[in-house]
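Participant: here is my input, please return the structure:
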Amino acid sequence: MRLTKYKLGDLVSLSESKNFDDALGLDSLKGISINKVFIETKADMTDVSLTPYLLVKPDSFAYVTVTSRNGEKITIAHNDTEETYIVSSSYVVFSISRPDILDSKYLFIYFNRPEFDRYARFNSWGSARETFSWEYICDMSIDLPPLPIQQKYVDVYNAMLANQRVYESGLEDLKLTCDVYIEQLRRELPHIAIKEYIKEFDERNSMLQYDVEAVKGITAEKRFIETKANMEDVSLGTYKIVKPKQFAYVSDTSRRGDKISLAYNDSQYTYLVSSISTVFSIKDILPEYLFLFFLRDEFNRYTRFHSWGSAREVFSFDDMCDVKIPIPKIGIQQSIVEIHNAYIIRRKINEKLKSQIKNICPILIKGAMEEALP
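Facilitator: As a prediction, the model looks like this:
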């Protein structure tokens, strides 16, 4: 056995088939993430014709040529399903033309390595934006082991991927259980305004007891994040303190994608947030239970509908006090929270599994190449 060097262009072919007859609709439209997977498109498709969109048939690849401002990664994905997708005509779609020499999943493992990301960035060219063209894909040299060795390492990859997907499937079942439980409470229990359970908290960092490492931003995905603001020479004396088990949110809901930026401090650390944020504490109900309702799409819609203003629309603390939710006994609250916590823990494990699969790609390629050496 031995390695054989090929130009990738001799093993793949460009696909330019379009959705001319509009056979495929919005359900088939996909975008591609830097994690190298197809995702639901985030584009506004109102009144957009799908006729010029490219077909991505099963076992085909699609990628975005632009690599600038892309986290030093190339956006590429492999359609390993039995469905046909459609993607923007600005993408490049291709498939394996020599399956007797190159396994498509082996090529995807090859693309999944950070080495390939670096190669694509280094060989991207342009002024206003840098692109990794189809010509450069074709000009790539690739050392390939014989097909049986490729298949051996693809089998290892597939086994890990199958295990992760089974785990992920169980994860969604757990989330569904939590959602169903909450829906049942919403139907069966009276809804009570939370004003008796929350209290605004306005303690400032006036003594400068907390430094810039405590400063956090708040996202529309309901998380505290490291601040993106330039904190050079900024006085932290007016920043608001967010203690453990407290909430903080940004009252301005305009220009935020119909979501409210809110987060719950479930850590053991005290944070600082901008003085424009609203901070509040909670009593007599579990904060984690209340947070479950804040995570729901219905709450985002409620806050937007009840936001008022001219230059900017805000959801005030008085408006927050008027939010109504079902409030069962503490024991029931705890049960729901425990289900949700189990979901969060398993979701983190699932993300680690995905990361491990990605991290093993360079090892698989290295192992296949070494096995092919005489």
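
Participant: and Leu208, what does it touch?
Facilitator: Taking CB atoms under 8 Å, 6 or more residues apart in numbering, we find Leu208 in contact with 236-237. Placement of C-beta: from N, CA and C, glycine included.

Participant: how about Met320?
Facilitator: Met320 makes contact with 194, 198, 249, 278, 280, according to CB under 8 Å, 6+ apart.

Participant: among these, name the ones in strands.
Facilitator: 198, 249, 278, 280 (DSSP state E).

Participant: identify the farthest-apart pair in those residues.
Facilitator: Ile198 and Tyr249 (11.3 Å; CB to CB).

Participant: on that earlier part again, nearest to Val242, of the ones in strands among the contacts of Met320?
Facilitator: Using CB to CB, those come closest to Val242 at Phe280, 9.6 Å.

Participant: wait, that closest one touches Lys245, no?
Facilitator: No. Between Phe280 and Lys245 there is no contact under CB atoms under 8 Å: 11.0 Å.

Participant: looking at those two, which one has more neighbours?
Facilitator: Phe280 (19 against 15; other CB atoms under 10 Å).

Participant: tell me how far the more buried one lies from Pro244.
Facilitator: Going from Phe280 to Pro244 by CB to CB, to the nearest Å gives 14 Å.

Participant: likewise for Glu40?
Facilitator: With CB to CB as the criterion, Glu40 and Pro244 are 35 Å apart.

Participant: same question for Glu183.
Facilitator: From Glu183 to Pro244 the distance is 30 Å (CB to CB).

Participant: what's next to the strand or helix carrying Glu288, contact-wise?
Facilitator: Using DSSP states H and E, Glu288 falls within helix 287-294. Outside helix 287-294, the residues that touch it by CB under 8 Å, 6+ apart are 178, 182, 194, 197, 222, 245-247, 262, 264, 266, 282, 299, 323, 325, 333-334, 336-337, 340-341.

Participant: how about stretch 328-348?
Facilitator: Applying CB under 8 Å, 6+ apart, the contact partners of stretch 328-348 are 167, 170-171, 174-175, 177-178, 181-182, 185, 189, 285-286, 288-289, 292, 327.

Participant: buried sites along stretch 120-137?
Facilitator: Of the residues in stretch 120-137, 120-121, 123-124, 130-132, 134, 136-137 count as buried by neighbour count, 16 or more other CB atoms under 10 Å.
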